[in-house]
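1. following is a predicted model, sequence given first.
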Amino acid sequence: MYQTNFSKIFQPNVDTHISMAEILGAFSYALDLTQGQPKGHCIRVCWIGSHIGQAIGLNETQLWELYYTLLLKDLGCSSNAARICELYLADDHAIKHDYKLIDGRKANVLKFVLGRTASGAPLKQRIGALANIVKNGADIERSMIATRCSRGADIARRLRFSDSVADGIAGLDEHWDGSGLPAKLKGNEIPLYSRIALLAQVIDVFQMANGAEAACEEVESRAGGWFDPALCDAFLNNVNSDDFWIELNADDLDAKIFMLEPAQNIITVDEDYLDDIADAFGRVIDAKSPYTSGHSGRVGTYVEQICMHLGYDRANTRKLRRAAVLHDIGKLGVSNLILDKPAKLDNEEWKVMQSHAKHTADILSHITIFKDMAMIASAHHERLDGKGYPHGVNAEDICMDTRIITTCDFFDALTADRPYRAAMSVTKALDIMRAEIGSAVDAECFAALEAIVSDNKIETAQSEAV
């Protein structure tokens, strides 16, 4: 299943007709996962917000900047997942999804908190969690939103977008009446792209949950509160129509979104840009859990060094490194209750954890230029003895490229802290891996790993922390 001709996987030149819109549109599905939103949320928000931008007469450059603000509005959203689980003692995906369905009124927020905080926990633990929210909730929320906003803006800049796009992402949670966070900006102090993004986000959340009529009711009720009233009028009077809602929920919306990107500003990609994109989303992945900080980047570095040791040429090395950096993108779809659990997972939790491999394959397979990485990256938990996942294939079906990523992922997992144990020494990690040669670890890959470790060509999580 996974054994593939390496020369057919990696072509030496990037197709310059692959647009940034196609790549980031596909990656936006990963952002939907970590927000607990129905598939295609960011795509729909981009469609809604772009139409509002057209209705108010934005020029081509502004529409282009708005387009990417909308598509990437949730770049920083993974950074608050662990803290949400810690605060509510509940599934971060469910909390994020359901919280967006309340209107911010104190009574409704209180009802949400009482109903959702540690709902399945023992009474003493639940009382403690509620007391923490009452005492510290406001400060924690402000801190989480500030982190999310600043991280999202920083990643947007790493993707080479302008300050206008970054600022639009940073201001997503500000409200027209000054009640938003983190800076409590008011009215026109809030970047225009942020105002449009928040409005479009709420429209999609409510139309997916309760239909178009409910979405319009939210727009009307929050005009002048959360939302810029002029933008609400533009949506209700110029965008809202039966045809608009039909198109919004059509199966071919992806293709329409890619065509919607202003033609004069279409970005094409080259090899360096693809490296930047992979690294940026590696940061999104690693922000999901405090135990994975730097994991994607380190695995990418280990893969790069092993490829060089094994004689891979530079072009193919950098492309396999991208697959390594993105190998865990599917973990954005796994709750931190499971990712950060300081004990053995039960059977149902283990099934959810295993699902991250399929999520990785699904996300990467939707990106033309990364499509051939999908099986290579998502197979990193397959074992040579057939006892791995997601498909339980045997050695003959696991290509060398996947074996390299598996070896590097295994090594970094052992030498970094995990919720259930402290980091191991390099020596102990190599001893454990040596015992798995032929079962989980490829002998040639392990020999290469030992060589680069002995030559001090890599830094582990431990050495990075020093």
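-> Everything's here; your move.

2. distance of A131 from D254?
-> For A131, the distance to D254 equals 46 Å [CB to CB, to the nearest Å]. To be clear about C-beta, it is placed using only N, CA and C from the backbone, and glycine gets the same treatment.

3. so between these two, which is more surrounded?
-> Counted by other CB atoms under 10 Å, A131 and D254 do not tie: D254 has more neighbours, with 18 against 10.

4. neighbours of the residue nearest to M20 when sequence neighbours are not counted, just the number please.
-> Sequence neighbours aside, I267 is the residue nearest to M20 in space, at 3.8 Å (criterion: CB to CB, 6 or more residues apart in numbering). Neighbours of I267 under the rule other CB under 10 Å: 17.

5. and the one 5 residues further on, by the same measure?
-> By other CB under 10 Å, the residues close to D272 number 10.

6. pLDDT at it, what is it?
-> Looking at D272, its pLDDT is 93.

7. wait, the residue nearest to M20 touches S19, no?
-> Yes. Counting by CB atoms under 8 Å, I267 does reach S19; the two are 6.3 Å apart.

8. check contacts around the residue nearest to M20.
-> By CB atoms under 8 Å, 6 or more residues apart in numbering, I267 lies in contact with 19-21.

9. let me know the closest of those residues to M308.
-> M20 (29.1 Å; CB to CB).

10. show me the strands in the stretch 151-300 of the chain, by range?
-> In the stretch 151-300 of the chain, no strands are defined using DSSP state E, counting those that start in this stretch.

11. on that earlier part again, nearest to D409 among the contacts of I267?
-> Nearest member of these to D409, counting by CB to CB, is M20, at 28.2 Å.

12. still on that earlier bit, just the buried residues of the contacts of I267.
-> Buried subset of the contacts of I267 (neighbour count, 16 or more other CB atoms under 10 Å): 19-21.

13. where does confidence bottom out across these?
-> S19 (75).

14. any idea how far that residue is from Y67?
-> 12 Å.

15. what's the answer for A315, then?
-> 31 Å.

16. now swap in G40 and tell me
-> The value you get for G40 to Y67, if CB to CB is used, is 16 Å.

17. which ones among the contacts of I267 lie within helices?
-> 20-21 (DSSP state H).

18. need the contacts of I267 in a markdown table (columns: distance to R83).
-> Output for those, formatted as a markdown table (distance: CB to CB, whole Å):
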| residue | distance to R83 |
| --- | --- |
| S19 | 35 |
| M20 | 31 |
| A21 | 32 |
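
19. wait, K344 sits on Y420?
-> Yes. Counting by CB under 8 Å, Y420 is a contact partner of K344 at 7.3 Å.

20. and these two? Which one has more around it.
-> Shown here are K344 and Y420; by other CB under 10 Å, Y420 has more neighbours (12 against 8).

21. please report phi then psi for the more buried one.
-> phi -100, psi 0 (degrees, to the nearest 10).

22. for the contacts of I267, which one is nearest E271?
-> M20 (14.1 Å).

23. next one: stretch 446-463 to chain centre, how far?
-> Distance of stretch 446-463 from its chain centroid, counting by CA atoms, centre = their mean, to the nearest Å, is 29 Å.

24. what does stretch 409-427 give?
-> So, by CA atoms, centre = their mean, the centroid of stretch 409-427 is 23 Å from its chain's centroid.

25. which outside residues touch it?
-> Contacts for stretch 409-427 (CB under 8 Å, 6+ apart): 291, 294-295, 298-299, 302, 324, 327, 339-344, 380, 428-430, 432-433, 436, 440-441, 449, 453, 460-462.

26. in that stretch, what's buried?
-> When neighbours are counted by 16+ other CB under 10 Å, the buried residues of stretch 409-427 are found to be 409-418, 423-424, 426.

27. repeat for stretch 113-127
-> In stretch 113-127, counting by 16+ other CB under 10 Å, buried: 113, 116-118, 126.

28. burial count for N188?
-> 10.

29. I meant to write G178 there.
-> 14.

30. I'd assumed L185 was in contact with it.
-> Yes. Using CB under 8 Å, G178 makes contact with L185 at a distance of 7.0 Å.

31. avg pLDDT for stretch 418-429?
-> Mean predicted lDDT for stretch 418-429 stands at 94.

32. need the distance between the two termini of it.
-> 14 Å (CA to CA, to the nearest Å).

33. centre of the chain versus it, how much separation?
-> 26 Å.

34. stretch 284-296 too?
-> 11 Å.

35. what's the first-to-last distance across that stretch?
-> 10 Å.

36. for stretch 71-81, same thing?
-> OK, stretch 71-81 end separation, CA to CA: 20 Å.

37. quick one: distance of it to the chain centre.
-> 7 Å.

38. how about low-confidence regions in the chain?
-> 1-18, 263-265, 462-466 (pLDDT under 70).

39. ok, A90 - how many residues close by?
-> 21.

40. so what's it closest to, chain neighbours aside?
-> R116 (5.8 Å).

41. what do you get for C149?
-> Closest to C149 by CB to CB, 6+ apart is A170, at 4.4 Å.

42. from what I can see the residue nearest to A90 touches D98, true?
-> Yes. Using CB under 8 Å, R116 makes contact with D98 at a distance of 6.9 Å.

43. returning to what we had before: go ahead and build a PyMOL selection from the buried members of the contacts of stretch 409-427.
-> Entered in PyMOL, the line below selects the buried ones among these, by 16+ other CB under 10 Å:
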select buried, resi 291+294+295+298+299+302+324+327+339+340+341+380+429+430+433+436+440+441+449+453+460+461
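
44. of the contacts of stretch 409-427, which belong to strands?
-> Among the contacts of stretch 409-427, no residue falls in strands (DSSP state E).

45. which members of the contacts of stretch 409-427 occur in helices, if any?
-> Using DSSP H, the contacts of stretch 409-427 in helices are 295, 298-299, 302, 324, 339, 428-430, 432-433, 449, 453, 461-462.

46. contacts for the helix or strand where D98 lies, please.
-> Using DSSP states H and E, D98 sits in helix 92-99. The contact list for helix 92-99, computed with CB under 8 Å, 6+ apart, reads 33-37, 77, 80-82, 84-85, 88, 112, 116, 333, 335-337.

47. quick one on the thing from earlier: could the buried residues of stretch 409-427 go into a markdown table alongside distance to M208 and secondary structure?
-> Shown next, in a markdown table, are the buried residues of stretch 409-427 (distance: CB to CB, whole Å; DSSP: H, G, I helix; E, B strand; the rest coil):
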| residue | distance to M208 | secondary structure |
| --- | --- | --- |
| D409 | 35 | helix |
| F410 | 39 | helix |
| F411 | 42 | helix |
| D412 | 37 | helix |
| A413 | 36 | helix |
| L414 | 41 | helix |
| T415 | 42 | helix |
| A416 | 37 | coil |
| D417 | 38 | coil |
| R418 | 36 | strand |
| A423 | 42 | coil |
| M424 | 45 | coil |
| V426 | 48 | helix |
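
48. in the stretch 151-300 of the chain, which spans are helices?
-> 163-170, 192-210, 212-222, 229-234, 242-248, 253-260, 271-286, 295-310 (DSSP state H, counting those that start in this stretch).
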